[in-house]
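Novice: Could you work out the structure for the sequence below:
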Amino acid sequence: MPTLNPGRLAAARALMKAEKGYHADEALVAALEPGSKDMGLARALTFGVLRRRGALDKLLGAFARDPVHKLDPNVRAAARIGLYELHCMRTPPHAAVDQAVQLVRVLRRPRAAGFVNAVLRKGGAGYLADDSTVDHPNWMIRRWTERYGAEAVQDWCARMANPAPLSLCLASVDTEAPEGEPATAGGVEIPGVRWVQAKGRIEDLPGFADGAWWVMDPAAAASADLLQLQKGERVLDACAAPGGKTLRLASQGGDVVATDRSRDRMALITESLERTGLTATLHAVDWSGAQEQLGSFDCALVDAPCTGLGTTRRHPEIRWSRKSSDPMAQSLLQSVILANVSERIRSGGRLVYSVCSPEPEEGRDVVAEFLSRRPEWRLDEELETAPPQSHEDAFYAARLVHQA
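Specialist: So this is what the prediction gives:
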C-alpha cells in the first residue's frame, strides 16, 4: 500500500484547527517542519478546501447519512480533501481515494475507512457546484447582495475562488523587488505597491533579506496613506501588529510610535523593522483599557481589531468562523479604542480609523457614533474598497480631523 503523503496529513490537521478558529497559515506551520518539501501540497489542499468548502460539503452531504456538520472532524477533513483532489486537482482518481482512506486511518478513525471510500467513489462521479456564492455562508451572501447587488457579489465571490497575487510594498522606488505590476485599491493606483506572481517561500524572493519590501495589501497601504502623514510628524499606530502599516508610515518619514496589546505580535514588528532598517518606537498598550502615558500626537492610525471579513480571499477560513452577529459585537470594542486614541491627538490633528471589513457595523457606524458624541471632530474623507475592483482586500477607512 502506498505511503500517506505528509502534506495530506498536515492539511487535515490544519483544516481541523481552522474549524476551531485558528488561522490556516499558522496551523500549517505547526503541522509541518519549516522548509518541508510537502508544504506546497499541504497549502494547496488546505486553502483549496477552504475556498470550495461550501460546494464540497453540498456534494458530501448528498452521500453521507448524517449532516456534514455532525460528522467526526477527522472523517470530515479526510472526505473534503479527497473530494477536492478528485474535482479540483490532477491527482489520479484511484490515488485520491486511496490517500483519503489512508488519511482517515492515520487520523485514528479506521472504522470510517469504508465510509470515506464509498463517499469518494460516488462523489467522484458527482457534480461540484460552480456557483462561487455557494462557498460562503448564506448570511454573508444575503448581507452583501442587499448592499451591492447580486451581480457585484457574484463577481466578488468568483475572484475569491482563486488566490490573489502577492502584494508587495516597496521601501523606496530604488529597491530591488520581484517583477510585477502596479497595484490598485478602489480603482486607484497605490504608490510603491505592486502585484507579483511569485512561487516558493516569500523569504527566498529577491530583495526580502535586504529589506527592500514587505508584504502588504494595497487597500491596507491606502488606509495608511489616508492619514496624509507629513515628514517629522509624531504619529501613533495604535493597533500595529503585524506591522505593515508601521513600516509604511516609517517609510514616509513619520516619527512613529507603534503599539499593540500583544507582546508576542509586537515581536513581528521588531523583526520587520530590523530587516528593513526603518525605525519606530514600540510599546505594548491595550487601548480598550487604561493606557500608558505616551504623550500627545500630531495624528494617529487606528487599524482596529475586526472580523476580517474583507480579507477572506487571502484567509478563506475566516468566512467559516464568523457569525452574523460578530460585526455588531466587534463594534463595541472598536468604539472604545477609537475614543481612547482620540484623546491623544493634539488640537487640529488627524486620525484615521480603518477596518479590513466591509460591514457597516464595524466601519461607517462606528465613525458615525463617535462623531455624534465628539462634536469637536469632523469627517474629512472616506475610503471604501468593497466590493474590490481588483485583487485588493475589502477595507473601510475614514480620516477624521480635530477642529481646533
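Novice: where are the low-confidence patches of the stretch 251-400 of the chain?
Specialist: 290-291 (pLDDT under 70).
Novice: That one: strands as residue ranges?
Specialist: Secondary structure of the stretch 251-400 of the chain (DSSP state E, counting those that start in this stretch): strands at 255-260, 281-284, 297-303, 345-355, 377-384, 396-402.
Novice: nearest to residue 53, of those strands?
Specialist: strand 345-355 (24.5 Å; CB to CB). Every residue, glycine included, has its C-beta placed from N, CA and C.
Novice: The closest one relative to strand 297-303, how many degrees between them?
Specialist: Angle of strand 345-355 versus strand 297-303, following axes from the mean of the first three to the mean of the last three CA atoms, to 10 degrees, is 20 degrees.
Novice: Contacts for strand 345-355, please.
Specialist: 223-224, 226-228, 296-304, 306, 310, 334, 338, 341-342, 362-363, 366-367, 370, 377, 380, 383, 395-404 (CB atoms under 8 Å, 6 or more residues apart in numbering).
Novice: hmm, try it at 7 Å
Specialist: Identification of contacts with strand 345-355 by CB atoms under 7 Å, 6 or more residues apart in numbering yields 223, 226-227, 296-304, 306, 338, 341-342, 362-363, 366-367, 395-402, 404.
Novice: Kindly report the same for stretch 78-94.
Specialist: If you take CB under 7 Å, 6+ apart as the criterion, stretch 78-94 is touched by 8, 11-12, 15, 45, 48-49, 52-53, 56, 59-60, 96-97, 100, 103-104, 107, 116, 119-120, 123-124, 128.
Novice: buried ones in it?
Specialist: 78, 79, 80, 81, 82, 83, 84, 85, 86, 87, 88, 91 (16 or more other CB atoms under 10 Å).
Novice: In terms of pLDDT, where does the last one sit?
Specialist: Confidence per residue is given as pLDDT, and for residue 91 that number is 96.
Novice: and it, that's in a helix?
Specialist: No: looking at residue 91 with DSSP: H, G, I helix; E, B strand; the rest coil, it is coil, so not inside a helix.
Novice: And it, how far from residue 106?
Specialist: From residue 91 across to residue 106, the span is 17 Å (CB to CB, to the nearest Å).
Novice: how about the strands of the stretch 251-400 of the chain in TSV, adding distance to residue 330 and mean neighbour count?
Specialist: Conversion of these to TSV gives the following (distance: least, CB to CB, whole Å; neighbours: other CB atoms under 10 Å):
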stretch	distance to residue 330	mean neighbour count
strand 255-260	17	24
strand 281-284	21	15
strand 297-303	13	24
strand 345-355	8	21
strand 377-384	18	15
strand 396-402	13	22
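Novice: Those strands: which one's closest to residue 31?
Specialist: strand 255-260 (26.4 Å).
Novice: Sketch out the low-pLDDT regions of the stretch 51-200 of the chain for me.
Specialist: For the stretch 51-200 of the chain, residues meeting the criterion pLDDT under 70 lie at 173-174.
Novice: And the helices in it?
Specialist: Secondary structure of the stretch 51-200 of the chain (DSSP state H, counting those that start in this stretch): helices at 53-63, 73-88, 93-106, 113-123, 138-148, 150-160.
Novice: Most tightly packed of the ones you listed?
Specialist: helix 73-88 (a mean of 24; mean count of other CB atoms under 10 Å).
Novice: quick one, it and helix 93-106 angle?
Specialist: Using the same axes, to 10 degrees: helix 73-88 against helix 93-106 is 170 degrees.
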